[in-house]
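Trainee: Here's a sequence, model it:
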Amino acid sequence: EPVAVVLAAPGDGLDPAIALLAEHGATRVLTVRAGEFAAHPVVARADALQAACAHITPAAVLVPSSPEGKEIAALLAVRTGSGLLTDAVDVENSGEGPVAVQSVFAASFTTRSRVTRGIPVITVKPNAAPVEPA
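Mentor: Next up is the predicted model:
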């Protein structure tokens, strides 16, 4: 069941984000408010995601595939002893866990990769999937 994590600065309104995530399939939304997100964005966000992983034991962690997102994902993977897959355009379910579909070599080839250790940490390219209500 999809669980979303919202990381926000103190004073940020979370109700619209929570409603939008629920509309798009999140069955639970974990929220973290911290001033450190502005001062130390990568470390603070990795800390929050690591705490969330310890709390819910996810099947996979999906992070936006931006430069900052890749850094957060890499730090999370190292801290949790997990594998990292970047720039996924889709995530499929297999009998052995989540499989990341990646478009490589200027979209000339498609590859499927699976993490064999720990919680799969996968960065997903923006606009890789249509945004649709669940």
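
Trainee: Got the confidence number for the most centrally placed residue in the chain?
Mentor: Central residue of the chain (C-alpha atoms, centre = their mean): residue 62, 2.1 Å from the mean position. Residue 62 is assigned a pLDDT of 97 by the prediction.

Trainee: Work out for me the element it sits within.
Mentor: Following DSSP states H and E, one finds residue 62 within strand 61-64.

Trainee: what's that strand packed up against?
Mentor: helix 41-56, helix 67-80, strand 121-124 (3 or more C-beta pairs under 8 Å, 6 or more residues apart in numbering; DSSP states H and E). Quick note: C-beta positions are derived from backbone N, CA and C, even for glycine.

Trainee: Next, the buried residues of it.
Mentor: Going by neighbour count (16 or more other C-beta atoms under 10 Å), the buried part of strand 61-64 is 61-63.

Trainee: ok, back up a step: winner for burial among the helices and strands packed on strand 61-64?
Mentor: strand 121-124 (a mean of 24; mean count of other C-beta atoms under 10 Å).

Trainee: Using PDB, list the CA coordinates for that one.
Mentor: Provided in PDB are the C-alpha atoms of strand 121-124 (Å, rounded to 0.1, in the frame of the first residue of the first chain):
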ATOM      1  CA  VAL A 121      16.000   3.100  -3.300                       C
ATOM      2  CA  ILE A 122      14.900   4.200  -6.800                       C
ATOM      3  CA  THR A 123      15.000   7.700  -8.300                       C
ATOM      4  CA  VAL A 124      12.200   8.300 -10.800                       C
END
